[in-house]
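>>> sequence-free structure coming up:
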């Protein structure tokens with residue numbers, strides 16, 4: 001038997017001789033003292049149960065603790081970073097793109113917007129500032145990326161803070177020279193998408209002239225300097241032969257590259273929500289990708305729900321979420337006129353609170369790891385989309401992490417309560 005605490009992240013193996021103590025604890029009525037629960041339990045076992053957070057006094061409210069920690073970070077006045085949409089233009093014509101016709105417009109970030117972002121970075125009070133480059137395809141506006149990175153880095157370093165940057169790119173233009181230039185400007189992370197094997201990828205992620213892109217992207221990834229970590233995102237649809245493990249083998253030996261399965265949210269034909277079906281498919285077929293180096297509660301969740309979380313469009317318009325980049329999106333103000341998103345318009349994001357007793361998520365034992373799912377579902381008036389739809393999928397997640405940490409075989413039973 002193993003016990004898992006999603007709040008503390010503790011994962012404990014229970015010896016068979018101690019099973020009776022655990023079963024007795026599960027039957028007990030609430031008590032105001034841990035000593036009352038642990039009367040008669042061997043000292044070492046009692047200490048481990050307390051240290052792991054498995055046994056707590058009844059007057060302690062863990063849900064309230066998580067809510068306070070969650071809101072403390074959400075309502076902070078500090079700006080630790082922003083996302084800049086350098087251009088909405090993209091050199092690809094992906095079949096499932098949610099950004100629509102905006103990807104056809106060759107607009108780039110304005111010089112005044114770059115100046116405002118740098119000014120914002122210089123006025124921030126945190127010890128570090130992170131800039132995420134987004135699009136469209138940001139590398140189609142390489143000169144603007146370079147100018148933005150240089151000016152923001154200068155502003156951040158000028159106030160004795162640390163600067164870091166990342167980029168979300170399709171990888172086609174990430175040549176060795178471009179990658180080295182980005183590294184020299186502080187970019188240490190890149191997210192690049194490969195949709196399975198060459199045959200499938202080249203049927204979905206193509207240039208505007210219909211030409212395939214797989215081999216070019218794969219070659220670029222292999223040549224990215226080790227100073228830049230690469231997260232290869234692989235969009236997964238149930239029923240499609242994407243062969244994630246084959247792609248993994250093609251990137252074998254690259255210490256700075258990792259693959260992350262990303263279940264698609266909609267089928268690209270009927271636009272029906274298939275997120276939970278695809279997530280279950282990934283968990284079942286590729287359990288090795290369930291490994292999580294952090295098993296304790298993911299308190300903060302989504303930056304879109306923070307008071308000063310921002311996505312800046314090329315013309316300076318402020319958005320809250322990457323998924324709002326596209327043809328039809330809310331406008332929370334403009335960075336050329338203000339430094340904060342309009343509070344009244346962004347209130348719908350701030351009302352999202354999975355730890356509130358009004359939320360259906362508050363009574364779910366998976367909440368510390370799921371964090372209530374994507375806030376966009378709440379903003380759009382849809383029910384939450386749980387990361388772990390069933391108890392079985394949650395157990396699969398815990399068991400896989402147990403194997404990873406211990407190197408032992410699958411335990412005979414699991415308690416997730």
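Good, I have the coordinates. Quantities reported herein were computed from a predicted structural model and do not represent experimental measurements.

>>> Now do the strands in the stretch 101-250 of the chain.
When secondary structure is read from DSSP state E, counting those that start in this stretch, the stretch 101-250 of the chain shows strands at 128-134, 162-169, 187-193, 229-236.

>>> TSV for the ones you listed, including mean neighbour count?
(C-beta placed from N, C-alpha, C; glycine too.) Putting these into TSV (neighbours: other CB atoms under 10 Å) gives the following:
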stretch	mean neighbour count
strand 128-134	22
strand 162-169	21
strand 187-193	20
strand 229-236	20
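
>>> can I get those in a markdown table with mean pLDDT?
Output for the strands of the stretch 101-250 of the chain, formatted as a markdown table (pLDDT from 0 to 100):
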| stretch | mean pLDDT |
| --- | --- |
| strand 128-134 | 94 |
| strand 162-169 | 96 |
| strand 187-193 | 97 |
| strand 229-236 | 90 |
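
>>> can you list contacts of stretch 145-153?
Stretch 145-153 is contacted from outside by 84, 86, 109, 111, 114-115, 117-118, 121, 129, 131, 133, 138-139, 163, 165, 167, 181-182, 185-187, using CB atoms under 8 Å, 6 or more residues apart in numbering.

>>> Could I get the average pLDDT for that stretch?
The predicted model gives stretch 145-153 an average pLDDT of 97.

>>> Just send the strands of the stretch 101-250 of the chain back as CSV, with distance to residue 146 too.
Conversion of these to CSV gives the following (distance: least, CB to CB, whole Å):
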stretch, distance to residue 146
strand 128-134, 10
strand 162-169, 11
strand 187-193, 10
strand 229-236, 20
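
>>> Give me the residue ranges of the stretch 1-150 of the chain where confidence is low.
32, 99-102 (pLDDT under 70).

>>> any chance you could map the helices in it?
19-27, 34-37, 43-51, 62-74, 111-123, 142-157 (DSSP state H, counting those that start in this stretch).

>>> these two touch, right, residue 96 and residue 203?
No: with contact defined as CB atoms under 8 Å, residue 96 does not reach residue 203; the gap is 11.4 Å.

>>> Could I get the helices of the stretch 1-150 of the chain in TSV, plus columns for distance to residue 177 and mean neighbour count?
Shown next, in TSV, are the helices of the stretch 1-150 of the chain (distance: least, CB to CB, whole Å; neighbours: other CB atoms under 10 Å):
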stretch	distance to residue 177	mean neighbour count
helix 19-27	59	12
helix 34-37	61	16
helix 43-51	52	15
helix 62-74	39	16
helix 111-123	23	18
helix 142-157	10	19
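
>>> Would you format those helices as a markdown table with distance to residue 375 included?
Below are the helices of the stretch 1-150 of the chain laid out as a markdown table (distance: least, CB to CB, whole Å):
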| stretch | distance to residue 375 |
| --- | --- |
| helix 19-27 | 34 |
| helix 34-37 | 35 |
| helix 43-51 | 33 |
| helix 62-74 | 11 |
| helix 111-123 | 23 |
| helix 142-157 | 26 |
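
>>> Enumerate every residue touching residue 243.
196-197.

>>> Could you rerun that using 6 Å?
The contact partners of residue 243, taken as CB atoms under 6 Å, 6 or more residues apart in numbering, are residue 197.

>>> go on, residue 114?
147-148, 151.

>>> Looking at those, which is nearest residue 376?
Checking the contacts of residue 114 against residue 376 by CB to CB gives residue 148 as the nearest, at 26.2 Å.

>>> any idea whether residue 315 is helix, strand or coil?
Following DSSP: H, G, I helix; E, B strand; the rest coil, residue 315 is assigned to coil.

>>> Which residue, other than its chain neighbours, is closest to it?
Leaving out its chain neighbours, the residue that sits closest to residue 315 by CB to CB, 6 or more residues apart in numbering is residue 110, at 6.3 Å.

>>> coming back round to it: closest to residue 255 among the contacts of residue 114?
Ranked by distance to residue 255 (CB to CB), these are led by residue 148 at 28.8 Å.

>>> Check the spacing between that closest one and residue 131 real quick.
Residue 148 is 7 Å from residue 131, where distance means CB to CB, to the nearest Å.

>>> What about the closest residue to residue 237 other than its chain neighbours, how many residues nearby?
What sits nearest to residue 237 in space, not counting adjacent residues and going by CB to CB, 6+ apart, is residue 264, at 5.4 Å. Residue 264 has 18 neighbouring residues, counting by other CB atoms under 10 Å.

>>> got a list of what residue 264 touches?
235, 237, 278.

>>> I'd like the residues you listed as TSV, with distance to residue 143 appended.
As requested, the contacts of residue 264 are exported to TSV (distance: CB to CB, whole Å):
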residue	distance to residue 143
235	30
237	36
278	38
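
>>> Which of these sits closest to residue 37?
Minimum distance to residue 37 across these is 41.4 Å, recorded for residue 278 (CB to CB).

>>> Can you say which helix or strand has that closest one in it?
Per DSSP states H and E: residue 278 is located in helix 275-285.

>>> got the angle between that helix and strand 229-236?
Helix 275-285 and strand 229-236 are oriented at 110 degrees to each other (axes from the mean of the first three to the mean of the last three CA atoms, to 10 degrees).

>>> So for the very next helix or strand once past helix 275-285, mean pLDDT?
Of the helices and strands lying after helix 275-285 in sequence (DSSP H and E), the nearest is strand 311-312. Summarised as a single mean, pLDDT over strand 311-312 is 94.

>>> quick one: strands adjacent to the helix or strand following strand 311-312?
Counting by DSSP H and E, the next helix or strand C-terminal to strand 311-312 is strand 318-319. Sheet pairing for strand 318-319, assigned by DSSP bridges, gives strand 311-312 (antiparallel).
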